[in-house]
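> Got a sequence here, can you build the structure:
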Amino acid sequence: MNINASRNAINETVPNAKALIFNDVLYLIFKFIFTTKFFEISANGLQLGEVAEIEAQMFSFAQKFN
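Now for the predicted structure:
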């Protein structure tokens with residue numbers, strides 16, 4: 001394998017890895033916010049279905065960066 005072929009392979013792989021890492025970090029941030037604010041959200045009177053809907057919206061937003 002020549003040097004150009006290996007450079008091309010790296011250039012094709014790295015952006016995908018960066019997108020996956022960014023997606024994981026974004027998901028962890030959303031999960032941290034959700035878990036720290038869960039009791040506050042529950043105390044404000046949101047029903048379980050509404051909380052699940054908010055979490056689903058956050059997850060679908062994170063998937064846009066994948």
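> For stretch 24-33, give the mean pLDDT please.
The predicted model gives stretch 24-33 an average pLDDT of 87.
> Now it: buried residues?
For stretch 24-33, burial by neighbour count (16 or more other CB atoms under 10 Å) applies to 26-27, 30. In this view, the C-beta of every residue, glycine as well, is placed from N, C-alpha and C.
> quick one: contacts of it?
55, 58-59, 61-62, 65 (CB atoms under 8 Å, 6 or more residues apart in numbering).
> so where's this protein shaky on pLDDT?
Along the chain, the model assigns pLDDT under 70 to residues 1-17, 39-48, 66.
> now the helices for it?
Counting by DSSP state H, the segments of the chain that form helices are 3-43, 48-63.
> There's contact between residue 22 and residue 65 in this structure, I believe.
Yes: the pair residue 22 / residue 65 is scored as a contact, 5.6 Å apart, by CB atoms under 8 Å.
> how close does residue 31 get to residue 64?
In this view, residue 31 and residue 64 are 17 Å apart by CB to CB, to the nearest Å.
> What of residue 58?
Residue 58 is 11 Å from residue 64, by CB to CB.
> So if I had to pick from the two, which one is more boxed in?
Between residue 58 and residue 64, residue 58 has the larger neighbour count (other CB atoms under 10 Å), namely 17 against 8.
> if you skip the residues just before and after it, what's nearest to that one?
residue 30 (4.4 Å; CB to CB, 6 or more residues apart in numbering).
> now the one you found: how far from residue 21?
15 Å.
> what do you get for residue 60?
Per CB to CB, residue 60 is found 19 Å from residue 21.
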